[in-house]
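**Q** Sequence and predicted structure, then a few things I'm wondering about:
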Amino acid sequence: MELPTDVLLVTANVGSLFDNVGEIECDWLRELFTTVHTYKPRFIAMHFQEVGGKDYTVNMAHAESFFGEIQYSSEMKDFDRVCVYVDSHFKAEDNFTALGSMYFIHKSVKNVQQYDFSSRDFKSVSGHSKYVGSLDGVTTLEKEKFPKNFWTDIKWSRKGYMRTRWIIHNQGLDLVNVHLFHDASNLIACNSSPSVYSTNRQKALRYVIKRITDGTYSPMPFFLFGDFNFRLDTQSLVQNLSTSAEVQTVKKDSSNEVEKIIYEEKDNDHKQVLLHIETKLFAYLHQAVFRENNGKELLKYDKEIEAFHDVIREEEILFPPSYPYSEDNTKPTQYMNTRCPSWCDRILMSHSARDIMLRGEEENNIVYNTLGPNVCMGDHKPVFLFFALKHNVH
């Protein structure tokens, strides 16, 4: 009887690597390769978001080099089949998602096929295949940018999803790379529970799930992993963090628009700022609360996935919020004061996908964690899931 196949799924928003070319990449790659060496997977799927960074028109030129560093590294030499997809054609504004996906198959794994969405059949995978550019006409990939008319109240940006479909030892599965919308303003995020941004993300994720399960192709177990931009329920969290504080709201002179909210607490006879919120500032005095016990106390504010429990599951989160970490090499565990720390980067799965993950007696046979917890990896810590994939005997 064949043994289960050890699988490693990784999601990484790599915007920081491109915005700071050369500064973070060496340590970042070392952490990735260390994880591969530690778990020795036989199939690896890596999903990247924000390839090219914020200034992608300048920094996208580095994409070929970055993906090549992974593809051709000595650490990956035992993976004799590699598929690379990089949506780097930023001039095609209607389709550009800045997503990248890499798939590695170990030489010991014999029975792997990939789906062709055009001919609607599975084909054996051989050698290295690399697609960099617009990805139009690539038939082993399904890619979509969220439609322009989807929401009228938020800026249309490089967000969307990419799907590939596989059979590994007779077990079929979909692997979907996702990037959802962020919180544009901390002040607006505080206005309601759930926030308007959370509602938009929920709509987008429903759209992706509907697209990959709508019957166009026969349904299969699926893993959705990427930067979902899920945020804590900011209004509820702020209320809890500032129960004994005095609130001061500062408005712009020219309008009634709120510019900042400051929460002050009395410390004996002195006042100190407990929490200061602006559009792109979230400065909390006791930042350690987000790291203590891996942020476990804050998981009750992580509510965005709750609406999807009918179709999606997730392994238990035992790591601190994955965003927004300092991009300073000397502060790898410190959060920036730009956003409320949150578990943005996730690996989710359909109920049927969870059923094909082997669960043994050993506690460590499924690992859900961050890459490089004590190393500067950029503003997002990559997140990985390691598990053994059951074989389908049929």
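**A** Yep, that arrived. In this text, all values refer to a predicted model and were calculated from it rather than measured experimentally. Numbers count the residues shown, from 1 in each chain.
**Q** Check the model's average confidence along stretch 296-314 for me.
**A** Averaging pLDDT along stretch 296-314 yields 96.
**Q** buried ones in it?
**A** Across stretch 296-314, burial judged by 16 or more other C-beta atoms under 10 Å covers 298, 301-305, 307-308, 311-314. In short, each C-beta sits where N, CA and C put it, glycine included.
**Q** where do the strands sit along the stretch 1-150 of the chain?
**A** Under the criterion DSSP state E, counting those that start in this stretch, strands of the stretch 1-150 of the chain are mapped to 5-13, 43-49, 79-87, 100-106, 112-116, 121-124, 128-133, 142-145.
**Q** The fourth one packs against which elements?
**A** Right, strand 100-106. Applying 3 or more C-beta pairs under 8 Å, 6 or more residues apart in numbering; DSSP states H and E, one finds that strand 100-106 contacts strand 43-49, helix 63-71, strand 79-87, strand 160-168, strand 171-179.
**Q** Buried deepest among these, which one?
**A** Using mean count of other C-beta atoms under 10 Å, the stretch among the helices and strands packed on strand 100-106 with the largest mean neighbour count is strand 43-49, at a mean of 26.
**Q** May I have the strands that pair with it, each with its orientation?
**A** Strand 43-49 has the following sheet partners, assigned by DSSP bridges: strand 5-13 (parallel), strand 100-106 (antiparallel).
**Q** what angle sits between it and helix 63-71?
**A** 160 degrees (axes from the mean of the first three to the mean of the last three C-alpha atoms, to 10 degrees).
**Q** who touches strand 43-49?
**A** 5-15, 36, 70, 79, 98-106, 109, 112, 162, 168, 175, 177-179, 223, 225-227, 389 (C-beta atoms under 8 Å, 6 or more residues apart in numbering).
**Q** Centre of the chain to that strand, how far?
**A** 10 Å (C-alpha atoms, centre = their mean, to the nearest Å).
**Q** what ranges of the stretch 251-394 of the chain fall below the confidence cut-off?
**A** 268, 361-364, 394 (pLDDT under 70).
**Q** Please, where are all the strands along it?
**A** Counting by DSSP E, counting those that start in this stretch, the strands of the stretch 251-394 of the chain are 258-267, 270-278, 281-284, 312-313, 345-350, 367-370, 383-389.
**Q** Buried deepest among those, which one?
**A** With neighbours taken as mean count of other C-beta under 10 Å, those reach their highest mean count in strand 345-350, at a mean of 24.
**Q** measure Ala204 to Lys210 for me?
**A** For Ala204, the distance to Lys210 equals 11 Å [C-beta to C-beta, to the nearest Å].
**Q** what about the two, which has more around it?
**A** Neighbours per residue (other C-beta atoms under 10 Å) separate Ala204 from Lys210, with Ala204 holding more: 22 against 10.
**Q** any idea how far Ile366 lies from His309?
**A** Taken as C-beta to C-beta, the span from Ile366 to His309 is 19 Å.
**Q** if we can go back for a sec, I'd like to know which of the contacts of strand 43-49 are buried.
**A** In these, the ones that pass as buried (16+ other C-beta under 10 Å) are 5-15, 36, 70, 79, 98-106, 109, 112, 162, 168, 175, 177-179, 223, 225-227, 389.
**Q** which one of the strands paired with strand 43-49 lies closest to Asp136?
**A** strand 100-106 (15.7 Å; C-beta to C-beta).
**Q** follow-up on the earlier one: mind putting the strands of the stretch 251-394 of the chain in a markdown table, distance to Ser119 included?
**A** Formatted as a markdown table, these follow (distance: least, C-beta to C-beta, whole Å):
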| stretch | distance to Ser119 |
| --- | --- |
| strand 258-267 | 56 |
| strand 270-278 | 53 |
| strand 281-284 | 49 |
| strand 312-313 | 30 |
| strand 345-350 | 25 |
| strand 367-370 | 35 |
| strand 383-389 | 25 |
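**Q** Nearest to Gly52 among these would be which one?
**A** Taking C-beta to C-beta, strand 345-350 is the member of these nearest to Gly52, at 18.0 Å.
**Q** Farthest from the middle of the chain: give me that residue.
**A** Asp269 (44.8 Å; C-alpha atoms, centre = their mean).
**Q** ok, back up a step: for Met357, find the nearest of the strands of the stretch 251-394 of the chain.
**A** When the strands of the stretch 251-394 of the chain are compared by C-beta to C-beta, strand 383-389 sits nearest Met357, at 4.5 Å.
**Q** Just the CA trace of the biggest helix by length in the chain, in CSV.
**A** Assignment by DSSP state H gives helix 196-213 as the longest helix of the chain. Presented in CSV, the C-alpha positions along helix 196-213 are these (Å, rounded to 0.1, in the frame of the first residue of the first chain):
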residue,chain,number,x,y,z
VAL,A,196,-17.7,48.1,5.7
TYR,A,197,-14.4,46.5,4.6
SER,A,198,-15.3,43.2,6.3
THR,A,199,-18.6,43.2,4.4
ASN,A,200,-16.8,43.8,1.1
ARG,A,201,-14.3,40.9,1.8
GLN,A,202,-17.2,38.6,2.7
LYS,A,203,-18.8,39.4,-0.6
ALA,A,204,-15.5,38.8,-2.5
LEU,A,205,-14.8,35.5,-0.8
ARG,A,206,-18.4,34.3,-1.5
TYR,A,207,-17.8,35.2,-5.1
VAL,A,208,-14.6,33.1,-5.2
ILE,A,209,-16.2,30.1,-3.5
LYS,A,210,-19.1,30.3,-5.9
ARG,A,211,-16.9,30.5,-8.9
ILE,A,212,-14.9,27.4,-7.9
THR,A,213,-17.9,25.3,-6.9
